[in-house]
Structures are given as structure tokens and as C-alpha cells.
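# When you get a sec, could you give me coordinates for this:
(one chain, ligands or ions: 1)
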Amino acid sequence: MSAPPASAAPKAGRGRIEVHNLTKSFKGFRAVDDLSFNVEPGRITGFLGPNGAGKTTTLRMILGLIRPTSGGSTIGGVPYVKLADPLRTVGSALEATNFHPGRTGRDHLRVLATSAGLPKSRADELLELVGIPAAAKKRAGGYSMGMRQRLGLAGALLGDPDILVLDEPANGLDPEGIRWLRGFLRHLAAEGKTILVSSHLLSEVEQTVDDVIILANGKLIRQGQIDELRGEPKVRVRTPGARELAEALTASGFRVEPGEEAGIVVAYSDNPAAVGDVAFQARVPVHELARQRADLEALFFELTSQGTARNRNLGDAPGPETGAGAPQDQAPTEGGVR
Ligand SMILES: Nc1ncnc2c1ncn2[C@@H]1O[C@H](COP(=O)(O)OP(=O)(O)OP(=O)(O)O)[C@@H](O)[C@H]1O
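So this is what the prediction gives:
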């Protein structure tokens, strides 16, 4: 019996991206090095790493735009280039600046819609959806970076795909735009879509993402839920009676550790009220009491800048050769929305 067509892939795994041992070398330089991870439906996954870590190269391989040197990736169990209906399966926005400057936003989307066999009316629907209906008649050359980002997102959503792959979608957005994007992606994830967004700043996406995949020098450094990265919840107390409070908290069953300076006690707890109650009962004055938030930016920096993760693009490790990749590195594009 012959294999079922791609569109008959089991629904449960339809939106999952699987990357296995993905490697890309440019003239001997390993831009992506034996990368394996999964991206799950209904969640927003941050694909993170400093400049040059290999994020865009990985996304381009997932989308069939360049050929891996070894390893591979699948979407719902099928490699991108074998998808029966790629535009209705995966939408992507890799380069927000890559629009014909003389073409209006509406025309840009209409061209994409026509080439994908979708009705032209999708163009106006999408411009409305991403909040730039007034940009329909304006030439893309006059768009702000934020408008280009939204137009890129509209292009990615044309085929109402189950999966969205967005490269640095928050770049160039103002705070209102970032907040809008966050809500928009959350809404799409709640509909069950798989959302993979890259960023070189964990702090930029920490309020947006459920899961993180962190890269440095082409290698996987960390993968998991963002809450795991934040670590155990803690409550930080500033008090002139640090020793007494630490003893009282320990006697009440809290695990404590000294703070970064004298007069600070840190209790492992997600319940500031309970910590405050112990201080009150022990008659210890409290000058400040608050949840201690993990400094994810510092953690990200630590994870991606130490030891072997030290950025190879900063000069003290073998770096990439200059110049564009050899022509044989480019795979034929399959009409993906970019
Ligand atoms: N076509 C190419 N030819 C040679 N080297 C390349 C090519 N494309 C990417 N590289 C190199 O591969 C490494 C990874 O680049 P990539 O663009 O994937 O990183 P990134 O994580 O997306 O970085 P950024 O956040 O700056 O966009 C870089 O050192 C880059 O110079």
C-alpha cells in the first residue's frame, strides 16, 4: 500500500515542527550545529540567541529555503518541500523589509494571494486583521518598520495556516505595537496554531512566549518552558533583623538563603503574605518585602556568552567566511510566503 498523502497526516501532530540533528555549514563554517528540538501546537515558542547564533539559517531550513548539510526537519511529520499545500500549512515572515517599494500593501497581498490560489479579498481582510487597513493604498516604500512588520504578518496569515514562523517580528515595533503583537499571537495560539518567533533578546519576548529554545554558536543551549527558566519563586525581605527572620522562617518550614547584601533574606516561596506573617509573628521589622523576579536578561546573557557559548562572531573564535553562501546552498523556493 502506498504512503498516505501529506494532507492525510494525523491531525494530532499536524501542527508540530520537528527538527532533528539539523546542521548547516557554509564553506566549512558550521552556522547550525546538530540542532534537535520540537515546537508544539497551541503554544508560542521563542527561538532565541544572540546575533549570528544561527536562528535565521535554521528557520530558512525549516521552510525549505536552503538545504541542510545534514539532518532535517518536518512539519506534521512531512518535510516542508513535500507539503501538499505549504501556504495553508505554514505562514512565514522572514524579512520585514523585503517588499517592492512601489507596490501598495493591498497589491502586495493580492499578488501573494493569487499565486497561492486564494481569493484576492483576503488582502483587505488581512490588512484589517493586522491593524493597518489605511495602508492598503499606500506604497510599501513609505511604510514605517512597524507597518512593514504588520504587512509581513498579514502575508504569513494569508492561507490561514496552522503554523506561523516569524523572524524577529517585534523588531521596529513601538511599545503599543509590541503589546498588540503579544495579544495577537496569544489569540492565534489559543486557536491552536503553532507559533515560532525568533528574537535576539529574551527580555523582549519573555512576556509573550510559553516555551524557549536558546541557541548560541549554532548549538542548542537550553530548551523548555519559560517558567522553568525563571526558576523557583522567591520572596525577598529587607529587614534590620535578618538573622532572626531567617531563623523564624526556617522554623516555619521555609527554605531561606542570604540576600546579595546584609539585611536581606530570600525565602523560597510564591506567597509573600505568608512570609510577611512569619515576620510579624517573630516581631521582626520589615522595610521591604516583594516577590523576587528572575532576571531573565542576565540569565540569557550568562547562558549564551560563557564557555563554549561565547559568541564566535565577536572575534576570539573561528568565525564565518565573508560573502554569500555558495549557489549550491540555495534550495528552490516552493512559493512560500516570505
Ligand atoms: N549564506 C551564508 N554564507 C556564509 N555564512 C552565512 C550565510 N548565512 C549565514 N551565515 C553565517 O551563519 C551564522 C548564523 O547566521 P544567522 O543569520 O542564521 O544568525 P541569526 O541567529 O539569525 O543572527 P541575527 O540575530 O543577527 O539575525 C552567522 O555567522 C552568519 O554570518
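
# need the strands for the stretch 51-200 of the chain, in chain order.
Under the criterion DSSP state E, counting those that start in this stretch, the stretch 51-200 of the chain contains strands at 70-75, 90-93, 163-167, 194-199.

# Now do the first one: which elements does it pack against?
If I follow you right, that is strand 70-75. Contact here means 3 or more Cβ pairs under 8 Å, 6 or more residues apart in numbering; DSSP states H and E; on that basis strand 70-75 packs against strand 17-26, strand 29-39, helix 55-62. C-beta here means a position set from N, CA and C on the backbone, and glycine is covered the same way.

# Centre of the chain to it, how far?
Distance of strand 70-75 from its chain centroid, counting by Cα atoms, centre = their mean, to the nearest Å, is 19 Å.

# Please, which helix or strand holds residue 261?
Assigned by DSSP states H and E, residue 261 falls within no helix or strand.

# If you drop the residues flanking it in sequence, what lies closest to residue 21?
Distance criterion Cβ to Cβ, 6 or more residues apart in numbering; nearest residue to residue 21, sequence neighbours excluded, is residue 71 at 3.5 Å.

# follow-up on the earlier one: highest mean neighbour count out of the strands of the stretch 51-200 of the chain?
Mean neighbour counts were taken over the strands of the stretch 51-200 of the chain using mean count of other Cβ atoms under 10 Å, and the top value, a mean of 26, falls to strand 90-93.

# who's the closest residue to residue 56 other than its chain neighbours bridged to?
Residue nearest to residue 56 in three dimensions, not counting chain neighbours: residue 167, with 5.8 Å by Cβ to Cβ, 6+ apart. On the basis of DSSP bridges, residue 167 takes part in beta bridges with residue 198.

# Need the pLDDT of residue 167.
Among the per-residue scores, residue 167 shows a pLDDT of 93.

# you'd agree it is up against residue 57?
No: proximity of residue 167 to residue 57 does not meet the contact threshold set by Cβ atoms under 8 Å, at 10.7 Å.

# okay, the residue located most distally from the centre of the chain: pLDDT?
Counting by Cα atoms, centre = their mean, the extreme residue of the chain relative to its mean C-alpha position is residue 283, 46.7 Å from that point. pLDDT for residue 283: 97.

# State the three-state secondary structure for it.
Secondary structure for residue 283, judged by DSSP: H, G, I helix; E, B strand; the rest coil, is coil.

# From residue 277, how far off is it?
Residue 283 sits 12 Å away from residue 277, taking Cβ to Cβ, to the nearest Å as the criterion.

# Quick check: residues of the stretch 151-300 of the chain near the ligand?
Listed as neighbours of the ligand in the stretch 151-300 of the chain under the rule Cβ under 6 Å from any ligand atom: residue 200.

# residue boundaries of the helices in the stretch 151-300 of the chain?
Here the stretch 151-300 of the chain has its helices, by DSSP state H, counting those that start in this stretch, at 175-190, 202-205, 226-230, 242-251, 272-281, 296-305.

# re earlier: wait, which of the strands of the stretch 51-200 of the chain is closest to residue 21?
With Cβ to Cβ as the criterion, residue 21 lies closest to strand 70-75 of the strands of the stretch 51-200 of the chain, at 3.5 Å.

# Quick one: residues in contact with the closest one.
Contacts of strand 70-75 from elsewhere in the structure, counted by Cβ atoms under 8 Å, 6 or more residues apart in numbering, are 16-23, 34-36, 61-62, 79-80, 83, 89-90, 163.

# Return a selection command, for use in PyMOL, containing the buried ones of those.
Selecting only the buried entries of the contacts of strand 70-75 in PyMOL, with 16 or more other Cβ atoms under 10 Å as the criterion:
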select buried, resi 16+17+18+19+22+23+35+61+62+80+83+89+90+163
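
# circling back: any idea how far the residue nearest to residue 56 is from residue 93?
If you measure residue 167 against residue 93 using Cβ to Cβ, the figure is 7 Å.
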